[in-house]
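Student: what shape does this take:
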Amino acid sequence: MSKSTHVAHEISISAGAFEHIIRAIAALSLEQTRFVTFKDVILYALQRYSGLKEGHSAALETLLPIDGLVRIYVRLSSEDNAAVERLKSALNTGTKTHCGVRETLFFCAMLVAEGEFSACKMQINRAKL
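Tutor: I've put the predicted structure just below:
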């Protein structure tokens, strides 16, 4: 019997990237009718992602760079981390810029936030106070 190990990632992202992650959490929470975490968003995207489609790399590249001062911690099992590494490799092959773990995790959130795996896309309107 093998032991499952975990990998902890600490990423620093911009406020704009954080907003996309929050949109992904909200969209998936609404779809599943329960509160989800960023890790849930990542796992949801990894389970459903079948490969780079036309427009994915261009959409990601328009949002890069995403580095900033907002810190997020994500703990993944070794199996889930291996899936992140495979996706990271695919992104590096399919994009013109370098994608690390931070960009790969953000890409998962971007897909969920934009409704890639859902029949309905979430529209968030900002209230003006």
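Student: mind giving me the packing neighbours of the one helix or strand in the chain whose mean pLDDT sits lowest?
Tutor: Ranked by mean pLDDT, DSSP states H and E, the weakest helix or strand in the chain is helix 56-63, scoring a mean of 84. Applying 3 or more CB pairs under 8 Å, 6 or more residues apart in numbering; DSSP states H and E, we find helix 56-63 packed against helix 15-32, helix 78-94, helix 101-113. The C-beta positions use only the backbone N, C-alpha and C, and glycine is treated the same way.
Student: give me the residues contacting the second one.
Tutor: Counting by CB atoms under 8 Å, 6 or more residues apart in numbering, the neighbours of helix 78-94 from elsewhere in the structure are 4-7, 42-43, 46, 49, 51-52, 56-57, 60, 76, 98-101, 103-105, 107-108.
Student: before we move on, the earlier item: any buried residues in the least confident helix or strand of the chain, and which?
Tutor: 56-57, 60 (16 or more other CB atoms under 10 Å).
Student: that helix: how far from the chain's middle?
Tutor: 13 Å (CA atoms, centre = their mean, to the nearest Å).
Student: show me what it is in contact with.
Tutor: 16-17, 20, 91, 94-97, 99, 103, 106-107, 110-111, 114.
Student: R71: which of those residues is nearest?
Tutor: A17 (11.8 Å; CB to CB).
Student: please name the nearest non-neighbouring residue to the closest one.
Tutor: Using CB to CB, 6 or more residues apart in numbering and skipping the chain neighbours, the partner closest in space to A17 is I66 (3.9 Å).
Student: the one you found: which element?
Tutor: I66 is part of no helix or strand when elements are defined by DSSP states H and E.
Student: contacting residues for it?
Tutor: Contacts of I66 by CB under 8 Å, 6+ apart are 13-14, 16-17, 102-103, 106.
Student: equivalent analysis for H6, please.
Tutor: 75-78.
Student: so which pair among those is furthest apart in space?
Tutor: By the measure CB to CB, R75 and S78 form the most distant pair in these, at 11.0 Å.
Student: identify the contacts common to the two.
Tutor: 6-7.
Student: shaky segments in this structure?
Tutor: 1-4, 118-129 (pLDDT under 70).
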